[in-house]
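**Student:** Please work out how this folds:
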Amino acid sequence: MNSSGWIANALIEIHHHGMVRPQSPAVSSKAKVYKYPGNFRMIMFWNVLLGNKIAFHWNNLFSPETWQIGIVNQTLESVMSNGITGEIEWHSAPESDSYYADPFSIVNSDNTRTYICEYFSGKDQRSRILIPASTVCYNPGTHVSFPGIYSLEGVQYILPESSASGKCELVEFGSLEPTIILNEPIVDPVLINHDNLWWLFGHKADDQNNAALFIYYSDSPKGEFHPHALNPVKTDIRNSRSAGEIFRFENKLIRPAQDSAVTYGKAIVMNEIVTLTPTSFEERPIKRIEADPVWEYDKGIHTINAHGDKTLIDAKSFRFNFANFRAQFSRKARRITGK
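**Tutor:** You can find the predicted model right below:
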């Protein structure tokens, strides 16, 4: 179903440019290609779906994902060239049923650096944004995460994921006052100034889950944002959803993206943005970063950002905790009983 808009996008490209941009190479596979499914094949297919559904609910109760943050003693440029090779200082939430994720670098008043991140509380099953060991916390009462940091006209702002509110908001760091910049439920938003325009990249909640990339543009970071002509500009669960700030490396514009084909946040793919205009977009993958099997949390990595002469990452594991079990069991019971 996610490919249903491709024909429309191709026609829009032909309208604007007289041709369709080069497509990514087809994925090679030795798997059998099925055509007309008969009754037996459909029964087998439904069995697979049933097994997946059972596995989902089992993991949701007994093996939920949990994250921790790592500070890599290595620049992001070095990571791009050599992969993650530096020593890592790991930071975990103090409570065993909670976690830290989505780290972004922030400069303190004394020019030292710390990080701001998502803090997920197992107690109330909700996320907020905070600086660990600090009083700074943004907790609007709905889910917030992915706190990108931007300095605009001398003022620092957080651009968090606030899709639960149905809006995309800039939050002034000192006062924590939100300014709505787009009335869309944008997930993992990333802002960048390029070619005299401000560009907003993100996934859209409940629209091609984790697979589609949407872009918006404006003359001002607080101005009216317009949708890209080709939205969604990309549909690929392997490298669409944002995984950190867009940055420059060797005169290339690099956009980190998540690979969630096998599991959510399995790996990070670095994409070079080749073309970016209001009517065209093209990028190509140039590097893949995975969790190291020797890490304690080795099941995924889905955020990477520069941190001065170091690099911020997060890493995933699956671990039982009673607070999650109690909350998920109660939620499923209410859904079944309708109460």
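
**Student:** and the spatially most central residue of the chain, what does it touch?
**Tutor:** Taking CA atoms, centre = their mean, the centroid of the chain lies closest to Ser242, which sits 4.0 Å from it. Taking CB atoms under 8 Å, 6 or more residues apart in numbering, we find Ser242 in contact with Phe146, Asp188, Pro189, Val190, Phe201, Gly202, His203, Arg255, Pro256, Ala257, Gln258. No exception for glycine: its C-beta is placed from N, CA and C like everyone else's.

**Student:** and which of those residues is nearest Ala323?
**Tutor:** Nearest to Ala323 out of the contacts of Ser242 is Phe146 (CB to CB; 22.7 Å).

**Student:** shaky segments in this structure?
**Tutor:** Counting by pLDDT under 70, the low-confidence segments of the chain come to 22-25.

**Student:** what are the ranges of the helices in it?
**Tutor:** 6-17, 39-62, 76-82, 322-337 (DSSP state H).

**Student:** which other helices and strands contact the second one?
**Tutor:** Based on contacts counted as 3 or more CB pairs under 8 Å, 6 or more residues apart in numbering; DSSP states H and E, the elements that helix 39-62 packs against are helix 322-337.

**Student:** Please enumerate the strands of the stretch 51-200 of the chain.
**Tutor:** Secondary structure of the stretch 51-200 of the chain by DSSP state E, counting those that start in this stretch: the strands cover 65-72, 88-91, 99-107, 113-121, 126-130, 137-138, 145-152, 155-161, 168-172, 178-182, 186-194, 197-204.

**Student:** So which of those is nearest Ser81?
**Tutor:** Between Ser81 and the strands of the stretch 51-200 of the chain, the shortest gap by CB to CB is with strand 65-72, which sits at 13.4 Å.

**Student:** Tell me which strands the closest one pairs with, and in which orientation.
**Tutor:** strand 88-91 (antiparallel), strand 310-318 (antiparallel) (DSSP bridges).

**Student:** List the buried residues in it.
**Tutor:** Within strand 65-72, the residues that count as buried by 16 or more other CB atoms under 10 Å are Glu65, Thr66, Trp67, Gln68, Ile69, Gly70, Ile71, Val72.

**Student:** how about TSV for those, with distance to Val262 added?
**Tutor:** Formatted as TSV, these follow (distance: CB to CB, whole Å):
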residue	distance to Val262
Glu65	13
Thr66	18
Trp67	17
Gln68	20
Ile69	22
Gly70	21
Ile71	26
Val72	23
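
**Student:** Going by distance to His194, which of these wins?
**Tutor:** Closest to His194 out of the buried residues of strand 65-72 is Val72 (26.8 Å), distances taken as CB to CB.

**Student:** What residues does the closest one make contact with?
**Tutor:** Val72 sits next to Val79, Ile84, Gly86, Glu87, Ile88, Lys310, Thr311, Leu312, Ile313 when contact means CB under 8 Å, 6+ apart.

**Student:** who does it bridge with?
**Tutor:** On the basis of DSSP bridges, Val72 takes part in beta bridges with Ile88, Thr311.

**Student:** go on, Trp198?
**Tutor:** So, taking DSSP bridges as the rule, Trp198 has Asn193, Ser218 as bridge partners.
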